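Participant: whatever this is, show me its structure:
(2 chains)
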Amino acid sequence: MTWNINSLRLRLPLLQQIVMRDQPDILCLQETKVTDDLFPAESLTALGFEYQHFTGMKSYNGVAILSRTPFIRVLETPIWCEKSDCRHNAVEIGDASKPITIHNFYVPAGGDIPDPVENPKFAHKLRFLDEVTAWFAAHRPERAILVGDLNTAPLEQDVWSHKQLLNVVCHTEPEVRRHVAWQNTGFTDVMRVMVPADQKLYTWWSYRNRDWAASDRGRRLDHIWVSDDIAARFETMRVLRDIRGAAGPSDHVPVFADIAL
DNA sequence: ATGGTTGGGTTCCAA
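Facilitator: Just a heads-up that it's a prediction; the model follows:
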């Protein structure tokens, strides 16, 4: 399960409800917004996740991988864009003789103006996508799962209005082109294996909306990719849309997939 | 064209 939780400490009670109901074996979180010394490790152990790999900072970003079963190895991850800003971590799990690698990403959102000259945050996002693509092209994924808030909605039906969002950050051509190039280093988009590309599919709804469910102006910003060699192991996928309607929600909802390893 | 809300800081920034 992957979820941009938008503050781990604030949403621990909601996380507990989700874990009780959906029983994920491995949980990848983004925007934990907590430094490592304040990480609520004991609460998460009590929820069943004895094995934890997290990297966080004050106020912003932060990623965590939580597992019921041991990690074989915690992986070193590259420094992207010369920033140590807690946007990526990775582990190996499963059978030590044939481990599965899990990458957990929080891609820069990119700010408001879709112009790398005017907006340094957009330039950072494009550069981040270029760097991760080059890295995965040089280290082709095998027995790998990549999840997270990738902050791009690549397909027309990944947004509520393709035409109206063509110049909105997360759906512009330069972002989509890079996002697709990254996926094409060797990953299958398992959400779109399950839900055909001509059907609407969202994982995020803005807080800035009177009635998110009625207007349903969503975007698919969260993704689960599986390396092509194990794509056939993938069994189910669910977007937990109802979590957006919970009390005190994140603006993102969890995405759940079952993969036989 | 505009403004709408949330979280984690502090008196604003990022999303």
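
Participant: going by C-alpha atoms from here, please, whenever you check contacts or count neighbours.
Facilitator: OK.

Participant: all the helices of chain A, residue numbers only.
Facilitator: A:12-22, A:41-46, A:120-138, A:162-165, A:173-183, A:190-194, A:212-215 (DSSP state H).

Participant: could those go into JSON lines alongside mean neighbour count and distance to DNA strand B?
Facilitator: What follows is those, written out as JSON lines (neighbours: other C-alpha atoms under 10 Å; distance: least, C-alpha to the nearest atom of the strand, whole Å):
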{"stretch": "helix A:12-22", "mean neighbour count": "14", "distance to DNA strand B": "10"}
{"stretch": "helix A:41-46", "mean neighbour count": "14", "distance to DNA strand B": "15"}
{"stretch": "helix A:120-138", "mean neighbour count": "18", "distance to DNA strand B": "6"}
{"stretch": "helix A:162-165", "mean neighbour count": "14", "distance to DNA strand B": "10"}
{"stretch": "helix A:173-183", "mean neighbour count": "18", "distance to DNA strand B": "15"}
{"stretch": "helix A:190-194", "mean neighbour count": "17", "distance to DNA strand B": "21"}
{"stretch": "helix A:212-215", "mean neighbour count": "12", "distance to DNA strand B": "10"}
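
Participant: in TSV, list those along with mean pLDDT.
Facilitator: Converted to TSV, the helices of chain A look like this (pLDDT from 0 to 100):
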stretch	mean pLDDT
helix A:12-22	97
helix A:41-46	97
helix A:120-138	98
helix A:162-165	96
helix A:173-183	98
helix A:190-194	97
helix A:212-215	96
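
Participant: ok, which of those comes nearest residue A:226?
Facilitator: helix A:190-194 (6.7 Å; C-alpha to C-alpha).

Participant: other SSEs contacting that closest one?
Facilitator: Packing partners of helix A:190-194 (3 or more C-alpha pairs under 8 Å, 6 or more residues apart in numbering; DSSP states H and E): strand A:222-227, strand A:234-239.

Participant: show me which parts of the last one are buried, residue by residue.
Facilitator: Within strand A:234-239, the residues that count as buried by 16 or more other C-alpha atoms under 10 Å are A:234, A:237, A:239.

Participant: what's the closest of these to residue A:165?
Facilitator: Comparing those against residue A:165 with C-alpha to C-alpha places residue A:239 closest, at 21.9 Å.

Participant: contact partners for the nearest residue to the closest one once chain neighbours are set aside?
Facilitator: Spatial nearest neighbour of residue A:239, excluding adjacent residues (C-alpha to C-alpha, 6 or more residues apart in numbering): residue A:255 at 4.6 Å. Neighbour list for residue A:255: A:1, A:2, A:3, A:203, A:222, A:223, A:224, A:237, A:238, A:239, A:240 [criterion: C-alpha atoms under 8 Å, 6 or more residues apart in numbering].

Participant: show the buried residues in those.
Facilitator: Counted by 16+ other C-alpha under 10 Å, the contacts of residue A:255 give A:1, A:2, A:3, A:203, A:222, A:223, A:224, A:237, A:239, A:240 as buried.

Participant: how about TSV for those, with pLDDT and distance to residue A:145 added?
Facilitator: What follows is the buried ones among the contacts of residue A:255, written out as TSV (pLDDT from 0 to 100; distance: C-alpha to C-alpha, whole Å):
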residue	pLDDT	distance to residue A:145
A:1	98	11
A:2	98	11
A:3	98	15
A:203	98	18
A:222	98	14
A:223	98	10
A:224	98	7
A:237	97	14
A:239	98	17
A:240	98	19
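
Participant: center of chain A, which residue is that?
Facilitator: residue A:148 (1.1 Å; C-alpha atoms, centre = their mean).

Participant: pretty sure that one contacts residue A:220?
Facilitator: No. Using C-alpha atoms under 8 Å, residue A:148 is not in contact with residue A:220, being 11.3 Å away.

Participant: returning to what we had before: so can I have CSV of the helices and strands packed on helix A:190-194 showing distance to residue A:56?
Facilitator: Converted to CSV, the helices and strands packed on helix A:190-194 look like this (distance: least, C-alpha to C-alpha, whole Å):
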stretch, distance to residue A:56
strand A:222-227, 19
strand A:234-239, 26
